[in-house]
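Visitor: have a look at this prediction, sequence included:
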Amino acid sequence: MAMLQLDRLTKRFGDFTAVKDLSLTVADGEMVALLGESGCGKTTTLRMIAGFSEADEGVVSIDGRVMNSIPAFKRNVGIFFQNYALFPHLTAYDNIAFGLKVQRMDRQVIHTKVAQIIRMVKLEGLEKRYPRELSGGQQQRVALARALVMEPSVMLLDEPLSNLDAKLRVEMQVEIKRIQRVLGITTIIVTHDQEEAISLADRVVVMDKGRIVQVGKPEEVFENPASPFIADFMGFVNFFSGTVESVTEETTGIRCGEHLIEQSSALCADMAAGDSVKLAIRPEKILVSDCGGSSNPLFGRIESTTYKGNITRVEISGVFPEPLFVHSSDFHGSPGDSIGVCLPPEKIRVFKTK
Amino acid sequence: MREDRVSLFPKIITILVLIFLMAPLLVIVLASFSPTVLVVFPPKGFSLEWYANIFDSSTNFVSGFGNSMKVALIATAIDIVLGVTAALAVSRYKFRGKNMLIAFFTSPMYVPSIAFAFVLLRIFSMIGGIPAFLRILLGHTVIIIPYIIRNTIAVLAGYNWLLEDAAASLTASPYQTFMKVTLPLIKPGILAGALLSFLYSFDEAVLGSLLSSPKFITLPIRIMNYMEFSFDPTLAAISTLLILMSLTSIVLMERLIGLDMFLK
Amino acid sequence: MSQKRNLFFLSFPTTFALLVMFAAPMLYILIHTLREDGLTYFVKFLTDSFYLNILKTTVSIALRTTGILLLLGYPTAYFLARTKSKLKNTMMIIILFPFLVSAVVRSYGWMVILGNKGLLNQFLLALGLIDTPLKIMYTSNAVIIGLVHLLLPYMILSITGVIQGIDKNLEYAAASLGCNPLRAFFKVLLPLSIPGIISGCTLVFTLSMTAYVTPRLLGGANFRMMSTMVFQEVNVNFNWGLASAISYILMFVILLFLVIFNFATAGINQRVGGQKNA
């Protein structure tokens, strides 16, 4: 229905630049996640798209129409607020019908539209309840329905899953995705939770200090973060420093203390001997029991183990100066034992540092 | 910024309101330095004559100040004890009729001062022989109780009673707990409330009017009486001193617990 | 058991003091008045148009004052609740500061400004906007100005607290659903801030009904409200029976208005009750 374009958006608060030269195009019907820590500028960006906050520089346009000077109430941008922001003095039905009534639509039309959206978000029978009489999940559905019933050209979701418990999260995740597919609304999700971003979005935009630092498909960002910062954000957990020692067509050798780690050169673009690098690997990608002949076997000592139900978190020292964390689903070992681990090269990410 | 434009109307009203609120006070301060009896603007010079006049015995302002001070201090002191114990009772314990008791404690607030003043006047005239100081003190003790109780209840509402259990688990007796944990935490709020009540009593003019005697007159009544006969800037001078007292109080309150106490 | 004992010891002194010094006298004098004069003075008051007019003036002044206070107080409260200005604390001080200054002093300030030879008339004459001084002092307008000044802080503070408790996102939500600022105000902010409006209006209405210093000083000798009337009956006419009747009628009228007000707004209050959950 609509294409959203942000062109070199900049927003300052006094001396602080909240968003700097942010450009992004969201295709019609696409679901994009703005991912970053609090203060990275994602919420400010959302507010500029919604029209609650005016950009100091740059352009927000929807379907080619410049939105900058159009006030929020004329933009037809739907918003889902993190705290839902349901009108406490109105019933679920009146909350959802609010925008249609503002437009002075025919009562019968309003009724049809509201009934339809209530069916879609599965709120039948709760129309007459006030927000305080609804559970968190139900409130969330009302908030979603209230925005969707307006058939917005662009939908903005602010941390849509953050207030829900684990079970509801999964349920709503599926729900949001389903509804978005059905309606085909161009959607932006703002979140600090990588799981939320990856599970919902078609494309993930990672932000840091007001700038975009990586854009890609969820699996791309998840598997191949562009920097140690993003890798940390994506849950890589294990980071250690090294120096490139040798580079051939096929493999690059990286020295980390006493260990030489062999890495496929395809994964080490633009690196030369002598470069300082940072390596990262997810704790669940490190193999404990059987290295099965793969390269990079290492030995260390178990410092501690934490049983977490589906996995055991093992802290291993003596491999690198930094402790190594490993998640193993079937672990038998005690603190003090020596242990062998191997780091599959294809799971290691190498970043050049300055 | 767009979010500012929406609040332009409230902003203009706010500025006008602030000017309106400050105007008479600024005028008083300016008038107190006026060299002429009739206050004119712009002032024709500068004079401290009216300040000196405050201390002229014929104005009786000094004795009025002393009287008001005495009443306000003693009434506030009595009411801190009465008010804080009462507030503790209704905040600390759950019991039937609690809301009734709170309503009773705060009921003097809902009775017009003039009605209460008149009732006291009749009672005292029936009993006879009670000095004006005691009559006003008694009246003020009653009318400021609700303010101290309400303020203390608000302060206690922000107090974490689990701290008492924590102190008890560390072997503190209930008395020690109150003195070493509860009291230090609620003290700033109570002091701020007491300061407010003190000023209320100090400035009170209705009970003061009906219950005073020629021998014992509080400052606000002295000022009103002075106005009946002359309207010179001595009034501005004494008013300026009272304004300064209020300004000091509010700065003190802000330091003590911040100004959010007024928003409850 | 010890809890009951503590409760008793903590609440007894205040309960006792208020019973003896407040409740008993209020009741005793009411009964005394009724026993001594029966309803004579109540009837006299309610049948004499002179006295009824005083009641009417009092109510009318109180209602007008309340209305003006709401019109000035609400936007100010909104601004204070929503502003992020560094000057907010200064503004709060400016609003609270008159609150702590004696009504006598504040009325005096208005006398200097509004008098026949006051600063306002000097100013307007100097500008040539008027030829003869405006008569403001000793009119009901002066009393209303004084009362508005006296009670503005109460109104502002009552509403500011409530607006601060209303999620700003609700206003954004209304905008995103197509409400211009004015409609957002009437559809969302106003209904949600009604509890603050009610408590503020109740408070300032009561206080203007019972104000004594302001009408006495700014209204002058010929301007009568209920409270100044009590005073006059006591100190000038020595008619204590009538003073009693006026006092209790004043209390009753206030109570009546509060009850009506409560009934009129009970429904709205109930609906808005749960805003904290949103």
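Guide: Structure's in. What do you need?

Visitor: CA only for contacts and neighbour counts going forward, please
Guide: Noted.

Visitor: chain B contacts on the stretch 151-278 of chain C?
Guide: C:157-158, C:160-161, C:181, C:210, C:212-213, C:227, C:230-231, C:243-244, C:247-248, C:250-251 (CA under 8 Å from any CA of the partner chain).

Visitor: restrict the residues you listed to contacts with chain A.
Guide: The subset of these within reach of chain A, by CA under 8 Å from any CA, is empty.

Visitor: out of those residues, which are inside helices?
Guide: Of these, the ones assigned to helices by DSSP state H are C:157-158, C:160-161, C:181, C:210, C:213, C:227, C:230-231, C:243-244, C:247-248, C:250-251.

Visitor: what's the closest of the residues you listed to residue A:333?
Guide: residue C:161 (59.0 Å; CA to CA).

Visitor: pretty sure the closest one is touching residue B:263, no?
Guide: Yes - if you go by CA atoms under 8 Å, residue C:161 and residue B:263 touch, sitting 4.7 Å apart.

Visitor: between the two, who's got more neighbours?
Guide: More crowded of residue C:161 and residue B:263, by other CA atoms under 10 Å in any protein chain shown: residue C:161, with 21 against 14.

Visitor: what's the helix or strand harbouring residue A:314 packed up against?
Guide: Residue A:314 is located in strand A:312-317, with elements delineated by DSSP states H and E. Packing partners of strand A:312-317 (3 or more CA pairs under 8 Å, 6 or more residues apart in numbering or on different chains; DSSP states H and E): strand A:297-307, strand A:324-328.

Visitor: quick one, strands of the stretch 101-250 of chain C?
Guide: With DSSP state E, counting those that start in this stretch as the criterion, the stretch 101-250 of chain C has no strands.

Visitor: that one against chain A: which residues are in contact?
Guide: Proximity of the stretch 101-250 of chain C to chain A, by CA under 8 Å from any CA, involves residues C:167, C:169-170, C:172-180, C:188, C:191-192.

Visitor: and the next element down the chain from the helix or strand bottoming out on mean pLDDT in chain A?
Guide: Least confident helix or strand, chain A: strand A:259-264 with a mean of 81, by mean pLDDT, DSSP states H and E. On the C-terminal side of strand A:259-264, the closest following helix or strand by DSSP H and E is strand A:276-281.

Visitor: the helices and strands packed on strand A:312-317: which one's closest to chain C?
Guide: Between chain C and those, the tightest spacing by CA to the nearest CA is seen for strand A:297-307, at 37.2 Å.

Visitor: hmm, who's touching the closest one?
Guide: A:259, A:291, A:312-319, A:333-343 (CA atoms under 8 Å, 6 or more residues apart in numbering or on different chains).

Visitor: ok but residue A:310 is inside a strand, no?
Guide: No - counting by DSSP: H, G, I helix; E, B strand; the rest coil, residue A:310 falls outside a strand, being coil.

Visitor: give me the neighbour count for it.
Guide: Look at residue A:310: counted by other CA under 10 Å, it has 10 neighbours.

Visitor: that one touches residue A:329, doesn't it?
Guide: Yes - taking contacts as CA under 8 Å, residue A:310 lies within contact range of residue A:329: 6.2 Å.

Visitor: so which residue of the stretch 51-200 of chain A comes closest to chain C?
Guide: Closest to chain C within the stretch 51-200 of chain A is residue A:73: 4.1 Å, counting by CA to the nearest CA.

Visitor: got the angle between the strand holding residue A:314 and strand A:324-328?
Guide: Angle of strand A:312-317 versus strand A:324-328, following axes from the mean of the first three to the mean of the last three CA atoms, to 10 degrees, is 150 degrees.

Visitor: quick check: angle from strand A:312-317 to strand A:297-307?
Guide: Using the same axes, to 10 degrees, strand A:312-317 lies at 130 degrees relative to strand A:297-307.

Visitor: within the sheet, what are the partner strands of strand A:312-317, with directions?
Guide: Partner strands and pairing direction for strand A:312-317 (DSSP bridges) are strand A:297-307 (antiparallel), strand A:324-328 (antiparallel).

Visitor: about what we covered before: in this structure the residue of the stretch 51-200 of chain A closest to chain C contacts residue C:178, no?
Guide: Yes - using CA under 8 Å, residue A:73 is in contact with residue C:178, at 4.1 Å.

Visitor: so which of those two has more stuff around it?
Guide: Neighbours were counted for residue A:73 and for residue C:178 using other CA under 10 Å; residue C:178 has more, 26 against 21.

Visitor: where exactly do the helices run in chain B?
Guide: Under DSSP H, chain B gives helices at B:2-5, B:8-32, B:49-54, B:61-92, B:98-106, B:113-127, B:132-157, B:162-169, B:174-177, B:183-203, B:206-211, B:219-229, B:234-257.

Visitor: pLDDT on the third one, on average?
Guide: The pLDDT scores in helix B:49-54 average 90.

Visitor: so how far is it off the chain centroid?
Guide: Mean-position distance between helix B:49-54 and its chain equals 26 Å (CA atoms, centre = their mean, to the nearest Å).

Visitor: let's see the pLDDT reported for the residue of the stretch 51-200 of chain A closest to chain C.
Guide: 92.

Visitor: hmm, back to that, are any of the contacts of strand A:297-307 buried, and if so which?
Guide: A:291, A:312-317, A:319, A:339-343 (16 or more other CA atoms under 10 Å in any protein chain shown).

Visitor: tell me, how many residues neighbour residue C:181?
Guide: Residue C:181: 18 neighbours (other CA under 10 Å).

Visitor: now it: how far from residue B:84?
Guide: 45 Å (CA to CA, to the nearest Å).

Visitor: could you do residue B:147 as well?
Guide: For residue B:147, the distance to residue B:84 (CA to CA) stands at 11 Å.

Visitor: shaky segments in chain A?
Guide: Applying pLDDT under 70 to chain A flags residues A:1, A:289-296, A:354.

Visitor: remind me, longest helix of it?
Guide: Per DSSP H, chain A has its longest helix at helix A:166-183.

Visitor: next SSE downstream of that one?
Guide: Next helix or strand after helix A:166-183 toward the C-terminus (DSSP H and E): strand A:186-191.

Visitor: which residues of the stretch 1-150 of chain C score low on pLDDT?
Guide: Scanning the stretch 1-150 of chain C for pLDDT under 70 picks out the ranges C:1.

Visitor: can you pull out the helices in chain C?
Guide: Ranges of helices in chain C, per DSSP H, are C:2-18, C:24-37, C:40-47, C:49-82, C:88-99, C:103-114, C:119-127, C:140-164, C:168-176, C:181-184, C:190-210, C:213-214, C:226-235, C:240-272.
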